[in-house]
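J.: Predicted coordinates and the sequence they were generated for:
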There are 2 protein chains.
Amino acid sequence: MTKLNELTATEAARRIAAREITAEALVAACLERIRDRDPTVKAWAHLDPERALAAARARDSATAKGGLGLLHGVPVGIKDIFATADYPTEMGSPIYKGNRTRADSAPVGLLRAAGAVILGKTVTTEFAATTPNQTCNPHNPGHTPGGSSSGSAAGVGDRMMPAALGTQTAGSVIRPAAFCGAVGFKPSYGTVNRTGVMSESESLDTIGWITRSVDDIALVGAVLMGRPAVDRRSLDRAPRIGLCRTHLWTEAAPETVEAFEDMAARLAGAGARISEVKWPASFTAMAEAHWRVLAFEFVRALAWEWNNHRDLMSAKLIATCEIGLAHPFEAYCADLRHAMACRAEYAALVADYDALLVPSAMGEAPAGTATGDPRFQSLWTFMHVPALTLPTHRGPKGLPVGTQFVGKFHADEALLAVGRWVEAKIGHAWTRG
Amino acid sequence: MTKLNELTATEAARRIAAREITAEALVAACLERIRDRDPTVKAWAHLDPERALAAARARDSATAKGGLGLLHGVPVGIKDIFATADYPTEMGSPIYKGNRTRADSAPVGLLRAAGAVILGKTVTTEFAATTPNQTCNPHNPGHTPGGSSSGSAAGVGDRMMPAALGTQTAGSVIRPAAFCGAVGFKPSYGTVNRTGVMSESESLDTIGWITRSVDDIALVGAVLMGRPAVDRRSLDRAPRIGLCRTHLWTEAAPETVEAFEDMAARLAGAGARISEVKWPASFTAMAEAHWRVLAFEFVRALAWEWNNHRDLMSAKLIATCEIGLAHPFEAYCADLRHAMACRAEYAALVADYDALLVPSAMGEAPAGTATGDPRFQSLWTFMHVPALTLPTHRGPKGLPVGTQFVGKFHADEALLAVGRWVEAKIGHAWTRG
């Protein structure tokens, strides 16, 4: 029998609504897992077990009344850059030690309104950038969980909770989800309201989330997008998949190359129509343009911190800010226009496919604390298109290796339908054994 | 001799840097004006004279050291939806009574870093939407100052301070600036970082500012955009101006029609090449699409407030939220794509002009408290293009009537060069007498 903390969000919500389990029992199972494992994994920045249990009991007392929200009683972890009315929001920086806000951020407000139990705040890197905090990879604590949504990915990958919120400005949802063996989703830019969420780069920041199934991605997404019901559409035919190695292919580690080729073969074997995508030469400049845009906007977003608390910023953050300060406004505008041109070219490129198969990350999670290379994720963040990673393979050290699928702008449900088809036909690494 | 509170920001900064006046004397003059006039105008939500004077004295003690910021010692008013580390941020709503934040919003952080003295927080409508708060039009307290940047426009128009920050999601900078006889500027979408500023509609919200001259618009803009110096470029020839009446022309009040025709004649008389712009039929749906996008995003931004404090929201705000809740996600995406198509069509339309002449508002400020019709401003907010209003005329009740010029996306300085040419050749209503 599946332990309660191992249930998917979809199954947990179904059982709670059917009164087969209580939200309190589910939350208690999650808290027990956290008690056992968090001294090693260190996924949590702020956790108040009594508050979470009280919220679960309040949900339970309302279950019999019906009219339940889509996430009634389901515990969710929140990256510590989302404002929460009941927990501090410290953003992984000593500058915000003990910081409190009046209101929930919009995504947290939507989760609560849908009945979710906010379990606590998960560890983020410093301001969701590249300087890590304490979280370890749950599959090997000597390795990084990735970042910046480190605690959200590690906690879901370690079965501490079924779902967690993250954000992606470069690769901060897809990469940690891949490193921790979870399902990660970054929707089309602009899909989920960012009010009350720390801003790193307004033209790139995208709310994403991490679960253990594609159905759970759709469930959390329905709540965050304010949809009345979950879209569980399946494909009525095998998908057309473009194999997209990108100009970064020669930098991919062997396990990423192997996972990609194995997935391509499995997709073909399952009936998908696959073909190679020609990668436009104009796209090779994207990763650098992405970084300049991010740095330009980031140092402006951090105007107060930069001018008042630079002594509490990491050297890496200061270096990023200095890149942003040195980048002229006109060059930044040119980068934005380049991005718009790339997005238009991408729309034509992907038109004949249901999704592109791309690497999730350079390889399995590196040893040490640095959160890893973001370029296999940042391409798609810059493109503003939806991206989904599935935990489909394992690397030479036994750590997870993901497969990323990217779709069309504003066609997020179509990408999830592909993901659901892949889950059914090919499965995750652990379901294949 | 000009009273210190009547100086432009440009002139004040010059005199302070030259040690001809002190920041303290300037701030004291502004506070005196406020003491005299604010019982009538009610522009201020939070004002602490001692704090402002102390900040001014701190600037004065640094003046001799040189290396001064562009706004060294210049007092600025801040709309009460921008977070400030030293003042409450109440957003015109009882839900945020006494709300405090750890940090300054990015624009305020940039102003302070440039040496500005934050004078206080100016009154906003409820959540920068349509329900007014206490501010009156400084030219006739029985009339609206416009909104949502009500206190910023009324304060600058009444010479309480040379510059103030606002935001525009529909018409919240241009309209109140026009109603209060000030110069107002909404830059291209995305120009100024919004971190720490209340979010009404992520895809529309734009930081703007209100001053009494185009040079001051450029000065504040240089600081907010992180430029090292002010661009005071002039035109080396008379501008090409498109007369753009839009499909709303038949709704314009007589004073707006008269001001528009008079300005067209004065432009031609000063040597500008003017011609009528053909308004595409596809643009007529914009004002409604704008409102749906705003409502869709607004109710999501207000998720926490909507679910916890609806009893403290005005009926008009609730009605807007209900529009947003009723608008399906797919229809919202279609509106966003319509906007992108309009922007591309606009770029072609404006290509042969330096700027378009358009009405600033339906007419002079209406009597009463309702903040006025936003459609002559929201068209350009939806287009993401820069917009500038100049106080060029007066209406039948003696209230100001503005002239709006709109430009090309990411060519904000070029629009300001047109504005500077108009100021020099035609002037403001009060400089013409």
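T.: Received, thanks. Numbers count the residues shown, from 1 in each chain, chains lettered A, B, ... in the order given.
J.: need the strands for the stretch 51-200 of chain A, in chain order.
T.: Along the stretch 51-200 of chain A, counting by DSSP state E, counting those that start in this stretch, strands occupy A:75-79, A:117-122, A:163-168, A:183-186.
J.: Name every sheet partner of the shortest one and say whether each one runs parallel or antiparallel.
T.: Yep, that's strand A:183-186 we're talking about. Each strand that pairs with strand A:183-186, with its direction, by DSSP bridges: strand A:206-211 (antiparallel), strand A:387-394 (antiparallel).
J.: Which one of those strands lies nearest to B:D412?
T.: Nearest to B:D412, of all the strands paired with strand A:183-186, is strand A:206-211, at 26.5 Å by Cβ to Cβ. C-beta: built from backbone N, CA, C; applies to glycine.
J.: Please identify the deepest-packed of the strands paired with strand A:183-186.
T.: Highest mean neighbour count of the strands paired with strand A:183-186: strand A:206-211, a mean of 28 (counted as mean count of other Cβ atoms under 10 Å in any protein chain shown).
J.: And for A:V27, the neighbour number?
T.: Here the number of neighbours of A:V27 (other Cβ atoms under 10 Å in any protein chain shown) works out to 27.
J.: looking at this, it is in a helix?
T.: Yes - per DSSP: H, G, I helix; E, B strand; the rest coil, A:V27 lies within a helix segment.
J.: hang on, the earlier thing: for the strands paired with strand A:183-186, could you give me CSV that also reports distance to B:T22?
T.: Converted to CSV, these look like this (distance: least, Cβ to Cβ, whole Å):
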stretch, distance to B:T22
strand A:206-211, 48
strand A:387-394, 56
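J.: so can I have TSV of these showing mean pLDDT and distance to B:A259?
T.: TSV is the format used below for these (pLDDT from 0 to 100; distance: least, Cβ to Cβ, whole Å):
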stretch	mean pLDDT	distance to B:A259
strand A:206-211	98	44
strand A:387-394	98	51
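J.: mind putting the strands of the stretch 51-200 of chain A in JSON lines, mean pLDDT and mean neighbour count included?
T.: Formatted as JSON lines, these follow (pLDDT from 0 to 100; neighbours: other Cβ atoms under 10 Å in any protein chain shown):
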{"stretch": "strand A:75-79", "mean pLDDT": "98", "mean neighbour count": "31"}
{"stretch": "strand A:117-122", "mean pLDDT": "98", "mean neighbour count": "28"}
{"stretch": "strand A:163-168", "mean pLDDT": "98", "mean neighbour count": "30"}
{"stretch": "strand A:183-186", "mean pLDDT": "98", "mean neighbour count": "31"}
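J.: and the stretch 201-350 of chain A, which residues reach chain B?
T.: Counting by Cβ under 8 Å from any Cβ of the partner chain, the residues of the stretch 201-350 of chain A close to chain B are A:202-203, A:225-227, A:297, A:299-308, A:325, A:329, A:333, A:336-337.
J.: Go through the residues of the stretch 251-400 of chain A and report the one nearest to chain B.
T.: Residue nearest to chain B within the stretch 251-400 of chain A (Cβ to the nearest Cβ): A:A303, separated by 3.2 Å.
J.: wait, isn't that residue in contact with B:A114?
T.: No - with contact defined as Cβ atoms under 8 Å, A:A303 does not reach B:A114; the gap is 10.0 Å.
J.: who's more crowded, those two?
T.: Set side by side, A:A303 and B:A114 show more neighbours around A:A303, with 25 against 22, by other Cβ under 10 Å.
J.: OK, contacts around the nearest residue to the more buried one once chain neighbours are set aside?
T.: Closest residue to A:A303 apart from its sequence neighbours, by Cβ to Cβ, 6 or more residues apart in numbering or on different chains: B:G109 at 3.2 Å. B:G109 is in contact with A:A303, A:W304, A:E305, A:W306, A:N307, A:N308, B:A103, B:G196, counting by Cβ atoms under 8 Å, 6 or more residues apart in numbering or on different chains.
J.: Quick check: pLDDT value at the spatially most central residue of chain A.
T.: With distances taken as Cα atoms, centre = their mean, chain A has A:V173 as the residue nearest its mean C-alpha position (2.7 Å). Note on A:V173: pLDDT of 98.
J.: can you check A:M1 too?
T.: A:M1 is assigned 68 on the pLDDT scale.
J.: give me the element A:W306 is part of.
T.: Secondary structure assignment for A:W306, by DSSP states H and E: helix A:303-308.
J.: average model confidence for that helix?
T.: Helix A:303-308 comes out at a mean pLDDT of 97.
J.: got the contact list for the next helix or strand after that helix?
T.: On the C-terminal side of helix A:303-308, the closest following helix or strand by DSSP H and E is helix A:315-326. Applying Cβ under 8 Å, 6+ apart, the contact partners of helix A:315-326 are A:126-127, A:129-131, A:291-292, A:294-300, A:302, A:306, A:310, A:313, B:226.
J.: same thing but 7 Å
T.: A:126-127, A:129-131, A:292, A:295-296, A:298-299, A:302, A:306, A:310 (Cβ atoms under 7 Å, 6 or more residues apart in numbering or on different chains).
J.: following it, which helix or strand shows up next?
T.: Next element after helix A:315-326 (DSSP H and E): helix A:329-349.
J.: list the buried ones in that next one?
T.: Within helix A:329-349, the residues that qualify as buried by neighbour count (16 or more other Cβ atoms under 10 Å in any protein chain shown) are A:F329, A:Y332, A:C333, A:D335, A:L336, A:H338, A:A339, A:C342, A:Y346, A:L349.
J.: of those residues, closest to B:T431?
T.: Among those, A:F329 lies closest to B:T431 (Cβ to Cβ), at 31.1 Å.
J.: Now that closest one: closest residue in space, sequence neighbours ignored.
T.: The shortest distance from A:F329 to any non-neighbouring residue, by Cβ to Cβ, 6+ apart, is to B:M225 (5.5 Å).
J.: That neighbour - how many residues pack around it?
T.: 18.
J.: pLDDT value on it, please?
T.: We note a pLDDT of 92 for B:M225 in this prediction.
J.: Enumerate every residue touching it.
T.: For B:M225, the contact set (Cβ under 7 Å, 6+ apart) comprises A:F329, B:T191, B:V192.
J.: hang on, isn't A:D60 packed against A:E24?
T.: Yes - when contacts are counted by Cβ atoms under 7 Å, A:D60 is listed as touching A:E24 (5.6 Å).
J.: how about the residues of the stretch 51-200 of chain A near chain B?
T.: Residues of the stretch 51-200 of chain A lying near chain B by Cβ under 7 Å from any Cβ of the partner chain: A:85, A:96, A:99, A:102-104, A:106, A:109-110, A:112-113, A:190, A:193-195, A:199.
J.: which among the residues you listed gets closest to A:N137?
T.: Using Cβ to Cβ, those come closest to A:N137 at A:Y96, 25.3 Å.
J.: Need the per-residue pLDDT for that closest one.
T.: The predicted structure lists A:Y96 with a pLDDT of 98.
J.: How many residues are close by it?
T.: Other residues near A:Y96 come to 21 when the count uses other Cβ under 10 Å.
J.: relative orientation of the helix or strand harbouring A:T403 and strand A:387-394 in degrees?
T.: Using DSSP H and E, A:T403 sits within strand A:400-406. If you take axes from the mean of the first three to the mean of the last three Cα atoms, to 10 degrees, strand A:400-406 sits at 150 degrees to strand A:387-394.
J.: what packs against strand A:400-406?
T.: helix A:174-179, helix A:254-269, strand A:355-359, strand A:387-394, helix A:412-425 (3 or more Cβ pairs under 7 Å, 6 or more residues apart in numbering or on different chains; DSSP states H and E).
J.: What residues does the nearest residue to A:V230 once chain neighbours are set aside make contact with?
T.: Take A:V230 and drop its neighbours on the chain: the residue closest to it by Cβ to Cβ, 6+ apart is A:A222, 4.5 Å away. Going by Cβ under 7 Å, 6+ apart, A:A222 touches A:L70, A:A229, A:V230, A:D231.
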